[in-house]
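Chemist: build me a model from this:
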Amino acid sequence: MKKMFLFLIIASTFSCAKKFSQERKENSVPKEPKEEMVVGGDSDSHGCKASAGYTWSVLRKECIRVFENSTRLNHAQDGKTYTTVSYVIFDGDKAELFLDTQKESIILERKSEGDSWVNGDWQLIPWKGYVLKKGGKIVYTGE
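Modeler: Here you go, the predicted structure:
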């Protein structure tokens, strides 16, 4: 009986010590506050919220969603597979390119109806939809 009583005292002592040790570990580790990411909580220098799909349009002078009310341009077939696309918006004799390979948009201009839009070595040709060339090489096509 004495052995049993002694065994119970020793077992309860170890059990209490283990529980106290676990509580102490939980309380000693400082918990960092969680940062909550709010969709649309970011803004660029123009006030456009990229996380909500907005980007600055130089042509329209406002934040726009380029995938709405624009023409989609796909990479020209060069044997590679791409997961991104580019877009162009039109305003009179000007076109604004939003390319996945460029950080900022590119403004193209044309002289008259039916002509190509041009800026330096960039040329947007209205042919079977649109063909975008850079330095004479087809890089994008779209409808």
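Chemist: which stretches of the protein form helices?
Modeler: 2-28 (DSSP state H).
Chemist: would you map the strands across the chain?
Modeler: Ranges of strands in the chain, per DSSP state E, are 55-57, 62-64, 71-75, 86-91, 94-98, 106-109, 117-119, 122-125, 130-134, 137-142.
Chemist: ok, and what's touching the last one?
Modeler: Looking back up the chat, that one is strand 137-142. Residues from elsewhere that reach strand 137-142 (C-beta atoms under 8 Å, 6 or more residues apart in numbering): 71-76, 86, 88, 99, 129-133. All C-beta spots, glycine's among them, are computed from the backbone N, C-alpha and C.
Chemist: quick one, what contacts the residue nearest to Glu96 when sequence neighbours are not counted?
Modeler: Distance criterion C-beta to C-beta, 6 or more residues apart in numbering; nearest residue to Glu96, sequence neighbours excluded, is Leu59 at 4.1 Å. Contacts for Leu59 were tallied using C-beta under 8 Å, 6+ apart; they are Ile89, Asp91, Lys94, Ala95, Glu96, Ser105, Ile107.
Chemist: which pair in those spans the largest distance?
Modeler: Using C-beta to C-beta, those reach their maximum pairwise distance at Asp91 and Ser105, which is 12.2 Å.
Chemist: give me the more crowded residue out of the two.
Modeler: Ser105 (19 against 11; other C-beta atoms under 10 Å).
Chemist: over to the more buried one: give its phi and psi.
Modeler: Phi and psi for Ser105, reported as degrees, to the nearest 10, are phi -70, psi 160.
Chemist: that one against Val58, yeah?
Modeler: Yes. The pair Ser105 / Val58 is scored as a contact, 5.8 Å apart, by C-beta atoms under 8 Å.
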